[in-house]
Each structure stands twice: as structure tokens, then as C-alpha cells.
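[1] requesting a structural model of the entry that follows:
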Amino acid sequence: MPKYLELNALRANQPLPAFFWDGNTQMHCLSQTITQSLRTGYAHHIQRLMVTGLYALLLGVKPKGDSCVVSKYVCGCR
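    This next block holds a predicted model:
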């Protein structure tokens, strides 16, 4: 399954928004989730999947466009 990491079935091609690096957005739920992750290195799976993940999916963010999402979390080391 080496090619699995390269799949992009939805053809998502948008870059990750800049506020994913600092949480500076007026969208309260995203701001809270991102700033908590930056401060503690942790977010509940609901925050990861249903807040940041769903937002990225709806926006059409490239799946491998940026390592920011993985690098925020203590358990995200590869």
C-alpha cells in the first residue's frame, strides 16, 4: 500500500489556512481547538476530526500539503 499516501480522491488542492499555525481566526471553535493544540500538544479526537478535520475537508485542503496538522500533536510524530 505504498501508493495509498499519495491518493487524493477528492482532488483537494487548497493550501492550509494561515490560522492553523496560530489559531488567529474569528471562528471560535477552530480558534479554541487550534490554540489548545498549540499550547498543550493535545486535542480530543472530536476536536481533531470534527472541527479541524471537517473544516479542512470542506475547504478542500491538500491532504499532504502541510505537515502543520501532524506536527501540533505529541502523538503525531512519524
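[2] could you use CA atoms for every contact and neighbour count after this?
    Noted.
[3] where does pLDDT dip in the protein?
    By pLDDT under 70, the weakly predicted segments of the chain are 1, 65-78.
[4] grab the longest helix from it for me.
    With secondary structure taken from DSSP state H, the chain has its longest helix at helix 28-40.
[5] return the set of buried residues in that one.
    For helix 28-40, a neighbour-count test (16 or more other C-alpha atoms under 10 Å) marks 30-31, 33-35, 37-38 as buried.
[6] what is the most widely separated pair among these?
    For the buried residues of helix 28-40, the farthest-apart pair by C-alpha to C-alpha is Leu30 and Leu38; their separation is 12.1 Å.
[7] got the residue ranges for the helices in the protein?
    Counting by DSSP H, the helices of the chain are 28-40, 45-46, 54-59, 68-71.
[8] quick one: closest of these to Leu10.
    Here helix 54-59 is closest among these (C-alpha to C-alpha), at 9.2 Å.
[9] just to revisit the earlier point, report the distance from the longest helix of the chain to the chain centre.
    Here the centre of helix 28-40 is set off from its chain's centre by 11 Å, with C-alpha atoms, centre = their mean, to the nearest Å.
[10] do stretch 20-38 as well
    11 Å.
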